[in-house]
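Novice: Sequence plus the predicted model coming up.
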Amino acid sequence: MTPTILVEQVSGVLPAPWWFVQFFKVLGFTLHAVLMHLWYAGLVWAMYLAVRGSPTGREAAGRLMRQMPILVALGINLGIVPLLFLQVAYAKVFYPATIYMAWFWLGIVVLLIPAYYGVYIYSFGLRGFADAQASAKANQPSLNAAAAKPAPAPGNPESAAGNPDPVRGHPESASGNPEPASGRPDLRPAIPSGGQNEPANLGGPAGLLRPMPAWRLAAGWGSAILFLLIGFFFVNGLTLMTRQELFVQEKWEAVWGAHSLAGAALGTGLNLADPRLVPRWLMFFSLAWTTLVVWLVVDTAWRAARPSETYQFWVARTAWKLYLAGAAGFALFGSWYLHSWSAEVRAAMFSWPVGVLTVLTAVSPGPVWLGLAWSARQGRPPARALASLLALGQLAVLALNATSRQVVQNLEVGRFFAVSQQPQTVQWSPLVVFLLLFVVGAVVLGWMLSQLWRYRDQSYQFG
């Protein structure tokens, strides 16, 4: 029996032209990746800095995490577009693959809900922290005036325990945050001592703010881990779609045997034996890391309200190194992933003219890194013009990657399913409705982002 036996028995008609399906699938995935990368790699980065980072690093992490609920909401909605066209055009391989791993595939929704809640829990904790910080800064003049007041004479009622001095007698000052020699309250960011039992303080006036509660930190870490696991399940499903053995009767026993009962699929399979799985997952994480760095630069240039010199220097010094690490991972794991392709796919991807796309995809992070490195030599993060160019460059990186990814998928599926040769019966009325709603949605989304962009985040300014 040929590999096409399963897919040929399922009738399917494309409701839109093939080029239309491919275009919106790639476009939708590119837009989805812009935001999805920020939580895929950004959550791990931010939570690490929240615990082990410097005060400036915690400031950057806090800025990202305060935006994270909006980023997750928009990214999930943008992810509907490529998933919709995936189900429409690749239904003959998509559904068997997701049935094979049904419990894990359905588990994505189960994992997504607590991951989303965890982001909100942590982000709301930061917002409360920022409000307390703003209140503490607003009260700084009165505290300074109290500090400058002459000390009362012994026996004066003001020095009694019932009415302590507003600075020296502050209850937090007596518990490990003494007043500095200048007589002014210490408003520098508190640096965690690193003790295992001490919760992290994300910066702020020492002695006036409580550390981030451990349960909120746990919620943030939980979200980071859950989103990584969701990405791992997605990679499993997408590689299973192109796994020829899944559709060959002679190999059914080896592939389906342990995951079926009396001919019925149990939905307990994963694609762990596929040599493409791990390198593709790690390559995607590395690419997400580069997008995260570009966000850091763009956020500093466009959204930060009067960033301190210390913060700007930290961004300039750090961004090019972080991007280099992501680009190196993309090159390393991308090469590993390339060698996991079949000989036919590899030959097609390096043939003319597709080979040009392959090379451009491989080298596309280079110009963005050069821009970051040049800015670092100036000792300041990129200005708005350069930051905008870097953002467009990173968008091109993601678009090239999405296009190459689509070509590889078509080549791998094409070994047993002529996906581009499916019959087409264009349904114009739903097609027109989709285009109208897509345009309206894009306008609304653009307006929402413009409103967010106009808001200058003034939290975590210690300069």
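Specialist: Great, that's in hand. Numbers count the residues shown, from 1 in each chain.
Novice: can we go C-alpha only for contacts and neighbour counts from here?
Specialist: OK.
Novice: which outside residues touch stretch 318-336?
Specialist: Defining contact as Cα atoms under 8 Å, 6 or more residues apart in numbering, one finds that stretch 318-336 is touched by 279-280, 282-284, 286-290, 293-294, 296-297, 362, 365-366, 369, 372-373, 376.
Novice: of these, buried ones?
Specialist: 279-280, 282-284, 286-290, 293-294, 296-297, 362, 365, 369, 372-373, 376 (16 or more other Cα atoms under 10 Å).
Novice: Go through those residues and flag which are in strands.
Specialist: Judged by DSSP state E, the buried ones among the contacts of stretch 318-336 include no members of strands.
Novice: and residue 350, how many neighbours does it have?
Specialist: Neighbourhood size, residue 350 [other Cα atoms under 10 Å]: 14.
Novice: try residue 228
Specialist: 18.
Novice: can you check residue 276 too?
Specialist: Neighbourhood size, residue 276 [other Cα under 10 Å]: 19.
Novice: pretty sure it is touching residue 340, no?
Specialist: Yes. Assessed by Cα atoms under 8 Å, residue 276 is found in contact with residue 340 at 5.4 Å.
Novice: sorry, back to before: in helices, which of the buried ones among the contacts of stretch 318-336 fall?
Specialist: Judged by DSSP state H, the buried ones among the contacts of stretch 318-336 include 279-280, 282-284, 286-290, 293-294, 296-297, 362, 365, 369, 372-373, 376 as members of helices.
Novice: Show me the shaky parts of this structure.
Specialist: In the predicted model, the chain carries pLDDT under 70 at residues 1-12, 128-210, 305, 452-463.
Novice: now the strands: where do they sit in it?
Specialist: Assigned by DSSP E, the chain shows strands spanning 260-261, 264-265.
Novice: Can you lay out those as TSV showing mean neighbour count?
Specialist: Below are the strands of the chain laid out as TSV (neighbours: other Cα atoms under 10 Å):
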stretch	mean neighbour count
strand 260-261	13
strand 264-265	14
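Novice: is it possible to export these to JSON lines including distance to residue 15?
Specialist: Shown next, in JSON lines, are the strands of the chain (distance: least, Cα to Cα, whole Å):
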{"stretch": "strand 260-261", "distance to residue 15": "33"}
{"stretch": "strand 264-265", "distance to residue 15": "29"}
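Novice: what separates the biggest helix by length in the chain from the chain centre, distance-wise?
Specialist: For the chain, the helix reaching the highest residue count under DSSP H is reported as helix 102-138. Centroid displacement of helix 102-138 relative to its chain, using Cα atoms, centre = their mean, to the nearest Å, is 14 Å.
Novice: Just list what that helix packs against, helices and strands only.
Specialist: helix 55-89, helix 214-241 (3 or more Cα pairs under 8 Å, 6 or more residues apart in numbering; DSSP states H and E).
Novice: Go again with 10 Å.
Specialist: helix 55-89, helix 91-100, helix 140-148, helix 214-241 (3 or more Cα pairs under 10 Å, 6 or more residues apart in numbering; DSSP states H and E).
Novice: Out of these, the one nearest residue 403 is which?
Specialist: Residue 403 sits nearest to helix 55-89 of all those, at 12.4 Å, using Cα to Cα.
Novice: Can you list the helices and strands that that closest one packs against?
Specialist: If you count contacts as 3+ Cα pairs under 10 Å, 6+ apart, helix 55-89 packs onto helix 18-40, helix 42-52, helix 91-100, helix 102-138, helix 277-302, helix 309-339, helix 428-454.
Novice: do you know how far residue 339 is from residue 396?
Specialist: Distance of residue 339 to residue 396, computed by Cα to Cα, to the nearest Å: 24 Å.
Novice: swap that for residue 69, sorry
Specialist: Applying Cα to Cα to residue 69 and residue 396 gives a distance of 25 Å.
Novice: So if I had to pick from the two, which one is more boxed in?
Specialist: Using other Cα under 10 Å as the criterion, residue 69 and residue 396 rank with residue 69 on top: 21 against 16.
Novice: my guess is that one contacts residue 120, does it?
Specialist: Yes. Residue 69 lies in contact with residue 120 (Cα atoms under 10 Å); the separation is 6.0 Å.
Novice: Now distance to residue 385 too, for the helices and strands packed on helix 102-138, in CSV please.
Specialist: Below are the helices and strands packed on helix 102-138 laid out as CSV (distance: least, Cα to Cα, whole Å):
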stretch, distance to residue 385
helix 55-89, 21
helix 91-100, 43
helix 140-148, 37
helix 214-241, 32
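Novice: Nearest residue to residue 123 in space, please, no chain neighbours.
Specialist: With Cα to Cα, 6 or more residues apart in numbering as the criterion, residue 123 has its nearest non-adjacent residue at 5.1 Å, and that residue is residue 66.
Novice: Could you tell me how many residues sit around that neighbour?
Specialist: Considering only other Cα under 10 Å, residue 66 is surrounded by 21 other residues.
Novice: Wait, it touches residue 72, no?
Specialist: No. With contact defined as Cα under 10 Å, residue 66 does not reach residue 72; the gap is 11.4 Å.
Novice: joint contacts of the two?
Specialist: By Cα atoms under 10 Å, 6 or more residues apart in numbering, residue 66 and residue 72 have these common neighbours: 119, 120.
Novice: Spit out the contact partners of the closest residue to residue 228 other than its chain neighbours.
Specialist: Setting aside the residues directly before and after it, residue 228 is nearest to residue 40 in space (Cα to Cα, 6+ apart), at 6.3 Å. Applying Cα under 10 Å, 6+ apart to residue 40 gives the contacts 33, 72, 223-231, 284-285, 288-289, 292.
Novice: Which among those count as buried?
Specialist: Those of the contacts of residue 40 that meet the buried threshold are 33, 72, 223-224, 226-231, 284-285, 288-289, 292, by 16+ other Cα under 10 Å.
Novice: Go through those and say which is closest to residue 125.
Specialist: residue 223 (14.5 Å).
Novice: The nearest residue in space to the closest one that is not next to it in sequence: neighbour count?
Specialist: When the adjacent residues along the chain are set aside, residue 223 lies closest to residue 115, with 4.2 Å between them (Cα to Cα, 6+ apart). When neighbours are counted by other Cα under 10 Å, residue 115 registers 23.
Novice: hang on, isn't residue 115 packed against residue 218?
Specialist: No. Taking contacts as Cα under 10 Å, residue 115 lies outside contact range of residue 218: 11.4 Å.
Novice: so what's in contact with these two at the same time?
Specialist: Common contact partners of residue 115 and residue 218 (Cα under 10 Å, 6+ apart): 121, 224.
Novice: ok, back up a step: for residue 358, find the nearest of the helices and strands packed on helix 55-89.
Specialist: helix 309-339 (10.3 Å).
Novice: May I see the buried residues of the closest one?
Specialist: By 16+ other Cα under 10 Å, the buried positions in helix 309-339 come out as 311-324, 326-334, 336-338.
Novice: same check, this time on stretch 341-359
Specialist: Within stretch 341-359, the residues scored as buried using 16+ other Cα under 10 Å are 341, 345, 346, 349, 355, 357, 358.
Novice: so how far is that stretch from its chain's centroid?
Specialist: Stretch 341-359 sits 29 Å away from the centroid of its parent chain (Cα atoms, centre = their mean).
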